[in-house]
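Enquirer: structure for the following, please:
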Amino acid sequence: MPKGKRNTKGEGGCRKQKRKDGTIAYEFRITIEGHKYTKWCRTKTEGREWVRGLHNKVDIGRLERPNEITLGSYIAHWQDHMKDQVKPSTLKDYMAIVNTHLLPAFRTRKLKSITEIDLNTFFDRTLTDKKLAPNTKRNIRGVFSQIMDMARKEKIIGFNPIADIPPIKGADTNTRKALTIGQAQDLLRGAKAYYEKKKDYKSAHGSIYPFLLLCLHTGARLGELLALEWNDIDREHNTIAINKTYTKNNTVQTPKTTNGNREVTVPKEVVDMCLSLNDGVSPYVFHTKNGTHISQHNMERSLKAVIAFAHLPFNVLFHELRHTFATIAVSKGEPITNVSSILGHSKTSTTLDFYAHSTQEGMKETSDTVAKELGFIDGIE
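Expert: All right, here's what the predicted structure looks like:
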């Protein structure tokens, strides 16, 4: 890790660092009246403005000492930092948790004064009294831990007190569910029948079958496929270029990492089905009758309509179709590097953590293979 350069004109030290997504960040550190202050900035200009702001607060007697920083005053700094770390829709969800649960309980509490006893009381009593689901409590714990861990890294607190708080009881940690091959086939059959009934309508209902085909053949996210444009489809090579996403907030964003930009090969029949939707009135593959993007909410409603129409004995979310694609690919022995590239993961370890989990069938096959090699099945001794 490179050493930072210290400025002798009262601007402290600055350390440059390249992040995983390829962007550059600058860590500014300065000691004022014996107290250390730290902040990560996107540019040097932003860092210098922050330092000047600290000096201005000193001049008017309003500089908050590190030991006196409260959760309420720290949140704005944490929120600004997270803008570069997560998608706007994710940050919006985080702030909903902060405003609904964390600030009412800890707004005026100094970060250094928040103890494990306070946290145990908060999770075991306060949140329980609100009758929150275990998974909701788990999400609150996760956001709170991110805030406190950033405060630890910035030397405001000595350690993250949430690290030693036990996991939330009853929370479902295996949230990455996937359909079986048979269930996926039933879903596509139901969607095809529904599509034949609704295909003359320019809506989510009228394009649900091609959309589900792409979901299950590319492993792409809901927003990525909603942002798909005609020039992203290569008919000659039967590939789909995934290079943007249509968010819950109805904005188009580019991927945060270079791996998010990818080209996925799909069967010719899937490409032809998608191209059959082209009526020449919109640049978007999946669009409304006015030629605008279909919202995530409306596409989710359409998926529910398919499930109800086909009387399927299961429910599924779009992200679970992404898990279905990956789980099938991994279970059939596809190289993890290929699966990782198709999914747009920046590291194969991420794919392994998500999808290389054991199944009863898979474990039996592995045991049988080893036993056969050792000569203890099929009559071999």
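
Enquirer: going forward, measure contacts and count neighbours with C-alpha atoms only.
Expert: Will do.

Enquirer: mind listing what the residue nearest to residue 112 when sequence neighbours are not counted touches?
Expert: Distance criterion Cα to Cα, 6 or more residues apart in numbering; nearest residue to residue 112, sequence neighbours excluded, is residue 157 at 5.5 Å. Shown here is residue 157, whose contacts under the criterion Cα atoms under 8 Å, 6 or more residues apart in numbering are 111, 112, 151.

Enquirer: other residues contacting stretch 113-127?
Expert: For stretch 113-127, using Cα under 8 Å, 6+ apart, the contacting residues are 105, 137, 161, 162, 164, 165.

Enquirer: and with 6 Å instead?
Expert: Contact with stretch 113-127 is made by residue 161, as judged by Cα atoms under 6 Å, 6 or more residues apart in numbering.

Enquirer: for the stretch 1-150 of the chain, which segments count as helices?
Expert: Along the stretch 1-150 of the chain, counting by DSSP state H, counting those that start in this stretch, helices occupy 44-60, 71-82, 88-97, 103-106, 116-121, 127-129, 134-153.

Enquirer: worst average pLDDT in those helices?
Expert: Mean pLDDT across the helices of the stretch 1-150 of the chain is lowest at helix 127-129; the value there is a mean of 76.

Enquirer: what about residue 280, neighbour count?
Expert: Residue 280 is flanked by 10 other residues according to other Cα atoms under 10 Å.

Enquirer: and it, that's in a strand?
Expert: No: Residue 280: not assigned to a strand; according to DSSP: H, G, I helix; E, B strand; the rest coil it is coil.

Enquirer: please identify the deepest-packed of the helices of the stretch 1-150 of the chain.
Expert: helix 134-153 (a mean of 18; mean count of other Cα atoms under 10 Å).

Enquirer: still on that earlier bit, turn the contacts of residue 157 into JSON lines, including distance to residue 75.
Expert: Shown next, in JSON lines, are the contacts of residue 157 (distance: Cα to Cα, whole Å):
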{"residue": "111", "distance to residue 75": "11"}
{"residue": "112", "distance to residue 75": "14"}
{"residue": "151", "distance to residue 75": "10"}
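
Enquirer: circling back: quick one: which of the helices of the stretch 1-150 of the chain is nearest residue 233?
Expert: Set against residue 233 and scored by Cα to Cα, the helices of the stretch 1-150 of the chain come closest in helix 88-97, at 26.8 Å.

Enquirer: any idea of the pLDDT on the residue nearest to residue 28 when sequence neighbours are not counted?
Expert: Using Cα to Cα, 6+ apart and skipping residues adjacent in sequence, the residue nearest residue 28 is residue 14, 4.5 Å away. pLDDT, residue 14: 89.

Enquirer: quick check: residue 14 touching residue 37?
Expert: No: using Cα atoms under 6 Å, residue 14 is not in contact with residue 37; the gap is 11.9 Å.

Enquirer: joint contacts of the two?
Expert: Counting by Cα under 6 Å, 6+ apart, nothing touches both residue 14 and residue 37.

Enquirer: beta partners of the residue nearest to residue 28?
Expert: Taking DSSP bridges as the rule, residue 14 bridges to residue 5, residue 28.

Enquirer: and it, how far is that from residue 38?
Expert: Residue 14 is 10 Å from residue 38, where distance means Cα to Cα, to the nearest Å.

Enquirer: which residues are common contacts for those two?
Expert: In contact with both residue 14 and residue 38: residue 28, using Cα under 6 Å, 6+ apart.

Enquirer: where does pLDDT dip in the stretch 251-381 of the chain?
Expert: 256, 354-381 (pLDDT under 70).

Enquirer: show me where it has helices.
Expert: Taking DSSP H, counting those that start in this stretch to define them, one finds helices in the stretch 251-381 of the chain at 268-275, 296-309, 318-331, 336-343, 348-355, 360-374.

Enquirer: what does the third one contact?
Expert: The list of residues contacting helix 318-331 from outside it, by Cα under 6 Å, 6+ apart, reads 177, 178, 179, 216, 219, 355.

Enquirer: nothing else from me, thank you.
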